[in-house]
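Student: 3D, please:
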Amino acid sequence: MGRLLLALARTDPGLRVAGAVEAPGHPTVGRDAGEVAGGGPLGVRVEEALAAVCRPEHVVIDFTGVPAAAVAHAELAAARGAGLVVGTTGFSPAEDAALRAAAGRTRSVIAANFSVGIAVLTELVTLAARLLDASWEAEIVELHHHGKRDAPSGTALALGRAVAAARGLDFARTAVLGREGQVGPRRPEEIGIVGLRAGDAVGDHTVFFGGLGERLELVHRMQDRGCLARGALRAARWVATRPPGLHTFRDVLGLGA
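Tutor: Next comes the predicted model:
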C-alpha cells in the first residue's frame, strides 16, 4: 500500500509527497521513496520514525496493518497538529478507543475500507436491511489473500454493523464470527460473518439476505489495491482543510447524514 500511495500521489497535481516512513531496520530506510515505489527519485528519504516528517501542514496516511503502530502514529499526528487518514484494521476495543480519541484531536478520517465501491455497497446493505423484515437473515462472507493478519476483515465487520444499525440491533450481541460444532438452530437476529483466506485474493465481500424461497446477494470484488490508495488520497485531500474532528469516508464522499 505504501508503494501504491507513493506512485499515485506523485502523479496527482493536488498532492506533494512530504515524507515516507518504514519500520526501524527495514532495508528501504534511507533510500529515496520514489525509487522504492518503482519510479524516479522524489527527493524524499524513507525515514524510520514518523516524528522526523510529521508537521502541521501535512496529512499522515497510515496503512501499517499494525494496530499498535497506527495508534502511536495517530497520537503523534494529533500532538503535532497534522491531518490523519487511517486505513489500518484489526484493532482491539482498547486500541480502537485510543485511536479515535487521538484522531478526534486533529482533522482525521478513519475507514475500514477506502474503496468507493465498498462505500456504496454499505449504503445498499443499509437500505436492504431496512426494507427487508427480520425474517430475512443476514450473513456475510469475505475472502482475502493468505497474508492478511486480521479476521474477519474490518470491512466485513463494518458491513455487519451497518446491518445491525439499520435493524436497531446491538452488533456485539448479535454477531457470530464463524460457526463450528453443534451450534443449534440459527437465532433470528444473528449476523453471521465468515472469513476465508486463499492465494492472492485482494478482497471480496458478499452480504446475503436469506428469505423463505428467495435470497438477495450484494457483492463487491476488489481487483487491485489501487482503489484503496486512490480513496485514501481522496480522503487526504478532503481532510487537509477541515477543522479538527473525526470523519468517515462516507463524509468524504458526501453521502449525507
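Student: Which stretches in the stretch 151-257 of the chain count as strands?
Tutor: Along the stretch 151-257 of the chain, the stretches classed as strands by DSSP state E, counting those that start in this stretch are 175-177, 191-197, 203-210, 215-222, 245-247.
Student: Quick check: beta-bridge partners of the nearest residue to Pro41 once chain neighbours are set aside?
Tutor: Using CB to CB, 6 or more residues apart in numbering and skipping the chain neighbours, the partner closest in space to Pro41 is Asp32 (4.5 Å). Every C-beta, even on glycine, is put in place using the N, C-alpha and C of the backbone. Following DSSP bridges, Asp32 is listed with bridge partners Arg45.
Student: can you count the residues close to Asp32?
Tutor: By other CB atoms under 10 Å, the residues close to Asp32 number 17.
Student: can you pull out the helices in the stretch 101-250 of the chain?
Tutor: For the stretch 101-250 of the chain, applying DSSP state H, counting those that start in this stretch gives helices covering 116-131, 154-166, 171-174, 226-239, 249-253.
Student: coming back round to it: which of the strands of the stretch 151-257 of the chain is buried the deepest?
Tutor: The highest mean neighbour count among these, using mean count of other CB atoms under 10 Å, belongs to strand 203-210: a mean of 20.
Student: strands paired with it, and their directions?
Tutor: Neighbouring strands of strand 203-210 in its sheet, by DSSP bridges, are strand 137-144 (antiparallel), strand 215-222 (antiparallel).
Student: Which one of these lies nearest to Val239?
Tutor: The closest of the strands paired with strand 203-210 to Val239 is strand 215-222. By CB to CB, the value is 23.0 Å.
Student: by how many degrees do that closest one and helix 226-239 diverge?
Tutor: 80 degrees (axes from the mean of the first three to the mean of the last three CA atoms, to 10 degrees).
Student: Could you pull up the mean pLDDT of strand 215-222?
Tutor: The average of the pLDDT scores along strand 215-222 is 98.
Student: Pull the residues that contact it.
Tutor: 115, 117-118, 121, 124-125, 128, 132, 136, 202-209, 228 (CB atoms under 8 Å, 6 or more residues apart in numbering).
Student: okay if I get the strands paired with strand 203-210 as a markdown table plus distance to Thr89?
Tutor: Listed next are the strands paired with strand 203-210 as a markdown table, based on distance: least, CB to CB, whole Å:
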| stretch | distance to Thr89 |
| --- | --- |
| strand 137-144 | 11 |
| strand 215-222 | 14 |
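Student: now the one residue sitting closest to the centre of the chain: how far from Gly245?
Tutor: Among the residues of the chain, the one closest to the centroid is Ala112, at 2.4 Å (CA atoms, centre = their mean). Distance, Ala112 to Gly245, using CB to CB, to the nearest Å: 19 Å.
Student: residues of stretch 152-170 that come out buried?
Tutor: By 16 or more other CB atoms under 10 Å, the buried positions in stretch 152-170 come out as 152-164, 166-167, 169.
Student: oh sorry, the question was meant for stretch 236-249
Tutor: Ala236, Arg237, Trp238, Val239, Ala240, Leu246, His247, Phe249.
Student: what is the rounded mean pLDDT of it?
Tutor: Per-residue scores along stretch 236-249 average to 96.
Student: C-alpha coordinates for that stretch, CSV please?
Tutor: Provided in CSV are the C-alpha atoms of stretch 236-249 (Å, rounded to 0.1, in the frame of the first residue of the first chain):
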residue,chain,number,x,y,z
ALA,A,236,-6.2,13.2,2.5
ARG,A,237,-7.1,16.0,0.0
TRP,A,238,-10.5,16.4,1.6
VAL,A,239,-9.4,16.4,5.3
ALA,A,240,-6.4,18.7,4.7
THR,A,241,-8.5,21.8,5.0
ARG,A,242,-11.0,20.6,7.6
PRO,A,243,-11.2,21.8,11.2
PRO,A,244,-10.2,19.2,13.9
GLY,A,245,-12.7,16.3,14.2
LEU,A,246,-13.1,12.7,13.3
HIS,A,247,-14.7,11.9,10.0
THR,A,248,-15.7,8.8,7.9
PHE,A,249,-15.1,8.0,4.3
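Student: Brilliant, that's me finished.
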